[in-house]
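Chemist: my questions are about this predicted structure, shown below with the sequence.
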Amino acid sequence: MKSDILYAFSSGKALAIAILTSAAVAACGGSGSSSSGVPPVVTPDVANPPGPGHFENATFITTVNVADVTAALSNDLAAAVKPLYSVDTYKITYTTTDSGGRSVIASGLAAIPRKASSQTSPVLSYQHATIKTDAGAPSNHATPDEPAVLFASMGYLVSATDYVGYGASKGLPHPYLLATPTATSVIDFMTATSRWRQMNTIADNGQVFLTGYSEGAYASMATLRQLTQNKTASTTLPVTTFVGAGPYDVALTLNAMLDAVRKNNPILGALISPGFLKNLGANDRANVRNLLLYSALGSQSDITFDPTFLDNFLNDDTAHIIAQSNDYDWTPQSPILFFHGRDDTTVPYGNTDSAFQTMTQRGAASLIERMDCTAKPSEHIPCVTPFLINDITRLGALAKGL
């Protein structure tokens, strides 16, 4: 498999880009192989009330053959991972809310392994890294090298939301590094796909996993936090959450990026310093923010990113960054496995340190574990494949019915 995680805001050439983000861009290519036999649709009476989590529609995309998934693996992945099933893929639309709390129709990918109808499977919610174009969103990218398809070929019932701003909701602002609206879009998609699977008698075994790398790790953490803090008697917390190199501490991430810019270009670093910009007028700050976003995304991006996280940073508004963006300071009630490379200059390792130390201090030491990436160097992109290998191996040891 080609490395499918690239950074949207880090080209290695534009110094200002490094300040903006710690999100990854999934840039997989390829195409799935179609199937002439679409699985039959059965619609028993399943509760599907209007509002958040309402299942709207399902469109069959293609069947990705197991041989094609295997052929798409990199040598390192192929040595450690053996796909088992061909995968039926569907574009699912559902109701959720945007960052302003308004009801919107969003979409995502449901990837279903072709197993015997009597066999139940664990559910895995896969959160993708940042992507610059809508073509890379999971429901538009049901290909052999799509991570959601790979996980499904291992035996999981995979739900992979596009997030608001991609797929069916393209054109709306993507709530980038905003914890609550990000988590809401994931949870509502998990609900909608659960209802859709029940309608089509696709049985799960009660196990639920969360996973993602970079922005996907951030989204997974935000989702687990929201599920945990809003837990009711009927809430099923994930069995385990496996996250890699996420920007959980957004203030730390952006300040570290700014420090790197200052070292390489002191003049530019001074100009984009929050301490300097907060004294400018709102229009001037907005112009700087828009210029930085354009520099980061370039003319090829067709996604609108909500700039709130960057506005808060440029306004030197730490309180709002903590309240709206950071998603590490809480007490988990289910296991979390952290994965990160200590050499990561895109999403600093301090993010994992912050989360691990804070959760330990909150009394959750027995539920958390961290693994360091052993790639040389253990930078963001080189650690993608080791993350996938460990993700599949560690979750596979816990999953039943694969």
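Modeler: Done, it's in. Numbers count the residues shown, from 1 in each chain.
Chemist: for the closest residue to residue 400 other than its chain neighbours, helix, strand, or coil?
Modeler: Distance criterion Cβ to Cβ, 6 or more residues apart in numbering; nearest residue to residue 400, sequence neighbours excluded, is residue 205 at 5.7 Å. C-beta here means a position set from N, CA and C on the backbone, and glycine is covered the same way. With DSSP: H, G, I helix; E, B strand; the rest coil as the basis, residue 205 sits in strand.
Chemist: residue 205: how many residues sit nearby?
Modeler: 14 (other Cβ atoms under 10 Å).
Chemist: that one: what's it in contact with?
Modeler: 120, 121, 122, 400, 401 (Cβ atoms under 8 Å, 6 or more residues apart in numbering).
Chemist: for those, which one is nearest residue 60?
Modeler: Distance to residue 60, by Cβ to Cβ, is smallest for residue 121 among those, at 18.7 Å.
Chemist: residue 156 versus the closest one, what's the distance?
Modeler: 6 Å (Cβ to Cβ, to the nearest Å).
Chemist: mutual contacts of the two, please.
Modeler: 113, 402.
Chemist: quick one, which of those two is more surrounded?
Modeler: When neighbours are counted by other Cβ under 10 Å, residue 121 and residue 156 differ, and residue 156 comes out ahead with 31 against 24.
Chemist: quick one, what contacts that one?
Modeler: Counted by Cβ under 8 Å, 6+ apart, residue 156 has contacts 113, 121, 122, 123, 124, 209, 399, 402.
Chemist: the first one contacts residue 69, correct?
Modeler: Spelled out, it's residue 113. No - the pair residue 113 / residue 69 is not scored as a contact, 10.5 Å apart, by Cβ atoms under 8 Å.
Chemist: quick one: pLDDT of residue 231?
Modeler: Per-residue pLDDT puts residue 231 at 92.
Chemist: so it, which of the three states?
Modeler: Reduced to three states by three-state DSSP, residue 231 is coil.
Chemist: my read: residue 203 touches residue 116, true?
Modeler: No - contact between residue 203 and residue 116 fails when scored by Cβ under 8 Å: they sit 11.0 Å apart.
Chemist: touching both of residue 113 and residue 69, which residues are there?
Modeler: In contact with both residue 113 and residue 69: 87, 153, using Cβ under 8 Å, 6+ apart.
Chemist: residues contacting the helix or strand encompassing residue 360, please?
Modeler: Applying DSSP states H and E as the criterion places residue 360 in helix 350-361. Contacts to helix 350-361, defined as Cβ under 8 Å, 6+ apart, come from residues 22, 221, 245-249, 252-253, 256, 328-332, 336, 338, 340, 365, 367-368, 370.
Chemist: give me the PyMOL select line for these, limited to the buried ones.
Modeler: To isolate the buried members of the contacts of helix 350-361 in PyMOL, using 16 or more other Cβ atoms under 10 Å:
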select buried, resi 22+221+245+246+247+248+249+252+253+256+328+330+332+336+338+340+367+368
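Chemist: among the contacts of helix 350-361, which are located in strands?
Modeler: 336, 338, 340, 368, 370 (DSSP state E).
Chemist: what's the spacing between the closest residue to the third one other than its chain neighbours and residue 380?
Modeler: Leaving aside its sequence neighbours, residue 340 sits nearest to residue 352 (Cβ to Cβ, 6+ apart; 4.2 Å). Relative to residue 380, residue 352 is positioned 13 Å away (Cβ to Cβ).
Chemist: any residues in contact with both of the two?
Modeler: Counting by Cβ under 8 Å, 6+ apart, the residues touching both residue 352 and residue 380 are residue 245.
Chemist: which secondary structure element contains residue 91?
Modeler: Counting by DSSP H and E, residue 91 is part of strand 87-97.
Chemist: could you list every helix and strand in contact with that strand?
Modeler: strand 55-64, strand 103-113, helix 147-153, helix 179-199 (3 or more Cβ pairs under 8 Å, 6 or more residues apart in numbering; DSSP states H and E).
Chemist: nearest to residue 134, of these?
Modeler: strand 103-113 (10.5 Å).
Chemist: from the contact counts, what lies against the next helix-or-strand element following the closest one?
Modeler: Once the chain leaves strand 103-113, the next helix or strand it forms, by DSSP H and E, is strand 121-127. In terms of contacts (3+ Cβ pairs under 8 Å, 6+ apart), strand 121-127 is packed against helix 147-153, strand 157-161, helix 179-199, strand 204-213, helix 215-229.
Chemist: got the contact list for the residue most central in space within the chain?
Modeler: The chain has residue 216 as the residue nearest its centroid, 2.0 Å off, counting by Cα atoms, centre = their mean. By Cβ under 8 Å, 6+ apart, the residues touching residue 216 are 24, 126, 127, 128, 129, 243, 246.
Chemist: all good on my end, thank you.
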